[in-house]
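1. dropping a prediction and its sequence here:
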Amino acid sequence: MRLHQGIYHVLLTGFLCVPPPLLLAADFSGPVISVVDGDTIEVLHKTRAERVRLHGIDCPEKGQAYGNRTKQAASALVFGKEVTLQTYGKDKYGRTLAALRSVQSSQPCDCETSMSSCLS
């Protein structure tokens, strides 16, 4: 009986240590049809545009210093390309939160990985 309780405790502890976004992760692919700003894109998903906030990337917004430059840089990297997204749910504005991957690369883009190396 004691062994069963110990195993249950280990499994429960391991389950609780996994961050919730990893438990809910899903993937979909589609072409990038719009770049809203440096950290938000729109991807065609099931015949409709889905607005995606890129996980782990924080860029200046439109109207802020360098906002246009970050949008141009993101556009040069992903606009018109087929991408795969690993999704983690929705943010408070209803955008899909996702790590962005190109079809050619399986490495997620996040704070620790520059977008240019992911999308080459």
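-> Now that the structure is in, tell me what you want to look at. Residues are numbered from 1 along each chain as shown.
2. pull out the buried positions in the longest strand seen in the chain.
-> If you go by DSSP state E, the chain has its longest strand at strand 26-37. Within strand 26-37, the residues scored as buried using 16 or more other Cβ atoms under 10 Å are 28, 30, 32, 35-37. The way it works is simple: take the backbone N, C-alpha and C, and place the C-beta from them, glycine included.
3. from those residues, which two are the most distant?
-> By the measure Cβ to Cβ, Phe28 and Asp37 form the most distant pair in the buried residues of strand 26-37, at 21.4 Å.
4. surely His70 and Asp37 touch.
-> You called it His, but residue 70 is Thr. Yes - in this structure, Thr70 is within contact of Asp37 by Cβ atoms under 8 Å, at 6.6 Å.
5. and Glu42, what does it touch?
-> The contact partners of Glu42, by Cβ atoms under 8 Å, 6 or more residues apart in numbering, come to 32-36, 49-52.
6. what mean pLDDT does the helix or strand hosting it get?
-> Assigned by DSSP states H and E, Glu42 belongs to strand 40-45. In this model, strand 40-45 carries a mean pLDDT of 95.
7. what's in contact with the next helix or strand after it?
-> Downstream of strand 40-45, the first helix or strand assigned by DSSP H and E is strand 48-54. If you take Cβ under 8 Å, 6+ apart as the criterion, strand 48-54 is touched by 30, 33-34, 36, 39-44, 85, 91, 93-100, 109.
8. quick check on the residues you listed: which are buried?
-> For those, a burial check counting by 16+ other Cβ under 10 Å picks out 30, 36, 39-43, 85, 95-100, 109.
9. of these, which is the nearest to Tyr66?
-> Distance to Tyr66, by Cβ to Cβ, is smallest for Asp39 among those, at 12.4 Å.
10. quick check: the closest one vs Lys46, distance?
-> With distances taken as Cβ to Cβ, to the nearest Å, Asp39 is found 23 Å from Lys46.
11. and what of Gly56?
-> 25 Å.
12. neighbour count winner among those two?
-> The residue with more neighbours, out of Gly56 and Lys46, is Gly56; 14 against 7, by other Cβ atoms under 10 Å.
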